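A.B. asks: coords please:
(chains A and B)
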Amino acid sequence: MLIRQPSDILPSEITPKSVFLNRREFMAASAGALLLASEASASLKGVPSRFSTKDTPSSLKEITTYNNYYEFGTDKSDPAENAGKFKTKPWQIVVEGEAGKPRTYSLDDLLKVAALEERIYRLRCVEGWSMVIPWVGIPLASLLKQVEPNSRAKFVSFETLKDPKQMPGQLSRVLDWPYREGLRIDEAMHPLTILAVGLYGEVLPNQNGAPVRLVVPWKYGFKSIKAVVKIRLQESQPATSWNLTAPSEYGFYSNVNPAVDHPRWSQAKERRIGEILKRATLPFNGYADQVASLYAGMDLRKNF
Amino acid sequence: MQVNNSNEQVKIHLGGKSIVGQWAIKLLKPLVFIVCLLPLLRAALLFSDSVNPIEFITRSSGTWALVGLLVTLSITPLRQITGWSRLIQLRRMLGLFAFFYAVLHFVTYIWLDQFFDLNAIVNDIVKRPFITVGFAAFLLLMPLAITSTNGWMRRLKRNWGRLHRLIYLIAPLAVIHYLWLVKKDLTQPIIYAVVLAVLLAWRLWRRKTN
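C.D. replies: Numbers count the residues shown, from 1 in each chain, chains lettered A, B, ... in the order given. Down below sits the predicted model:
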């Protein structure tokens, strides 16, 4: 008797033809459905934004396999390898502190705060490389306005989930977990600052900070905290992870600034991933027209 | 005492004038040569698929230069432990491979990373301690590579050995270079530091006991 091995069956014979032909849309749709927990939601396409750069976006492979995300390991290839089983559902974000209407958001709630926008932003890492990333997200300001910050709300602090069982990098003490970041309230309310939930029109991959991350495009990448579970409005400047670890190297502001070197890396130039020659780094990562006024009168060498 | 005895026996067996020992080293040499080329082959295969190929080639060439230095330094202890004196015949090749990967590392930095931007390079060497020590280690390695030939060994006589003791400075500089460039997770450089410490401690211990 001939027993056929399972490998004899081609995947195309199992998957309905119409589905595998439209695999991309199918996946996007199901991923979207998963995120929204509603039956008939489409992919995470956002409307194009006037804040998007015209620079060519980096490839999905580049964006999803080259990540600094120490919760999943310190090598750039670690997050793509280790974040696959990370559970992003259910998810809650506590928004608390100096607010009239503090509130806990589920991901569904978050997606109802404002219309999703596609924001193609440059990302500049403090290590001297850069990418262009088509995020999908909502302005952080829309969320903050809902909770009604009071007059004592001068800063916003953020925290990443702490769960060493799911985030193996947290078993080692490279950083003081959970990862913490912070912004001044005017930085947080700036229209360029977004909470991203998607990438390339689909649900944010885990290694890029799913299900929801901050993106502050004029600052070095490490300010844009991933897997956010807590947002707190407060009167005092929050402690931030990299600043706690090496205060002489990582300041609170961390605005991209070609004139101020990191002790290990000159910040004058950067290598755009995919390019051989380095290009000049622009003040505020090229967003100076929009954000330089936030820092009028500040010494950016001191407040690096 | 017992250990010494067994060492002597091994020496008679493998080293000295034994034909087996001669053949073994003759076979071992091309084998080691090929093994030393494997990192280059690996880099060539993975280079184009890497998201940041220049960073990748910089890292892997640096890693193998450092590994090469440590392997070269391990020849003497290995010889003393096994009693097989012919192992010394591998040392020059290993040292030159370490230099080869160091050259690759240096050229990648100068060419692909900085694109001959002399201003940026000088700034880096002056302002960034990890580049300062890495550059120093590379400069010090050059005379050792140049004088690695039989001709130079003859000409320099006793001074050859003195000159090549620079390796005891170069290897720590290379480890420090790595240690200082790492942003946070020091596990890897610490492993190299520990291996180097053991290799150097062995020599101190031998000098004391002999």
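
A.B. asks: Go ahead and confirm residue B:123 touches residue A:266.
C.D. replies: Yes. If you go by CB atoms under 8 Å, residue B:123 and residue A:266 touch, sitting 6.4 Å apart. (Glycine included, C-beta is placed from N, CA and C.)

A.B. asks: which of the two has more neighbours?
C.D. replies: residue A:266 (19 against 16; other CB atoms under 10 Å in any protein chain shown).

A.B. asks: What does the more buried one show for phi and psi?
C.D. replies: phi -70, psi 140 (degrees, to the nearest 10).

A.B. asks: residue contacts, the residue in the stretch 151-300 of chain A that chain B sits nearest to?
C.D. replies: Here the stretch 151-300 of chain A gets closest to chain B at one residue, residue A:174, 4.9 Å apart by CB to the nearest CB. Neighbour list for residue A:174: A:70, A:74, B:184, B:185 [criterion: CB atoms under 8 Å, 6 or more residues apart in numbering or on different chains].

A.B. asks: what packs against the longest strand anywhere in chain A?
C.D. replies: Longest strand in chain A by number of residues, with DSSP state E as the criterion: strand A:129-139. With contacts defined as 3 or more CB pairs under 8 Å, 6 or more residues apart in numbering or on different chains; DSSP states H and E, the packing partners of strand A:129-139 are helix A:60-65, strand A:117-124, strand A:194-199, strand A:269-272.

A.B. asks: tilt between that strand and strand A:117-124?
C.D. replies: 150 degrees (axes from the mean of the first three to the mean of the last three CA atoms, to 10 degrees).

A.B. asks: got the CA positions of strand A:129-139 in PDB?
C.D. replies: Only the C-alpha atoms of strand A:129-139 are listed here, as PDB (Å, rounded to 0.1, in the frame of the first residue of the first chain):
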ATOM      1  CA  TRP A 129      22.000  54.800  10.700                       C
ATOM      2  CA  SER A 130      18.700  55.900   9.300                       C
ATOM      3  CA  MET A 131      15.600  54.500   7.600                       C
ATOM      4  CA  VAL A 132      12.300  55.800   6.100                       C
ATOM      5  CA  ILE A 133       9.300  54.200   7.600                       C
ATOM      6  CA  PRO A 134       5.600  54.300   6.500                       C
ATOM      7  CA  TRP A 135       3.900  54.200   9.800                       C
ATOM      8  CA  VAL A 136       0.100  54.000  10.300                       C
ATOM      9  CA  GLY A 137      -1.100  55.700  13.500                       C
ATOM     10  CA  ILE A 138      -2.900  58.500  15.300                       C
ATOM     11  CA  PRO A 139      -1.600  61.800  16.700                       C
END
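
A.B. asks: Strand partners (parallel or antiparallel) of it?
C.D. replies: When sheet partners are counted by DSSP bridges, strand A:129-139 sits next to strand A:117-124 (antiparallel), strand A:194-199 (antiparallel), strand A:269-272 (parallel).

A.B. asks: ok so, going back, looking at the helices and strands packed on strand A:129-139, which is buried most?
C.D. replies: strand A:194-199 (a mean of 26; mean count of other CB atoms under 10 Å in any protein chain shown).

A.B. asks: Give me the mean pLDDT for it.
C.D. replies: Averaged across strand A:194-199, pLDDT comes to 98.

A.B. asks: got the contact list for that strand?
C.D. replies: Counting by CB under 8 Å, 6+ apart, A:35, A:44, A:46, A:60, A:63-64, A:107, A:110-111, A:116-117, A:119, A:133-140, A:143, A:203-205, A:208-215, A:228 sit against strand A:194-199.

A.B. asks: from what I can see residue B:79 touches residue B:91, true?
C.D. replies: No. Counting by CB under 8 Å, residue B:79 does not reach residue B:91; the two are 9.0 Å apart.

A.B. asks: Work out the gap between the helix or strand that residue B:206 is a member of and the centre of the chain.
C.D. replies: Applying DSSP states H and E as the criterion places residue B:206 in helix B:187-209. On the basis of CA atoms, centre = their mean, to the nearest Å, helix B:187-209 sits 14 Å off its chain's mean C-alpha point.

A.B. asks: which residues are in contact with it?
C.D. replies: By CB under 8 Å, 6+ apart, helix B:187-209 touches B:66, B:70, B:73-74, B:76-77, B:80, B:168, B:171-172, B:175, B:178-179, B:182.

A.B. asks: What is the neighbour count of the closest residue to residue B:132 other than its chain neighbours?
C.D. replies: Excluding the flanking residues, the one nearest residue B:132 by CB to CB, 6 or more residues apart in numbering or on different chains is residue B:125, at 5.7 Å. Neighbour count for residue B:125, taken as other CB under 10 Å: 15.
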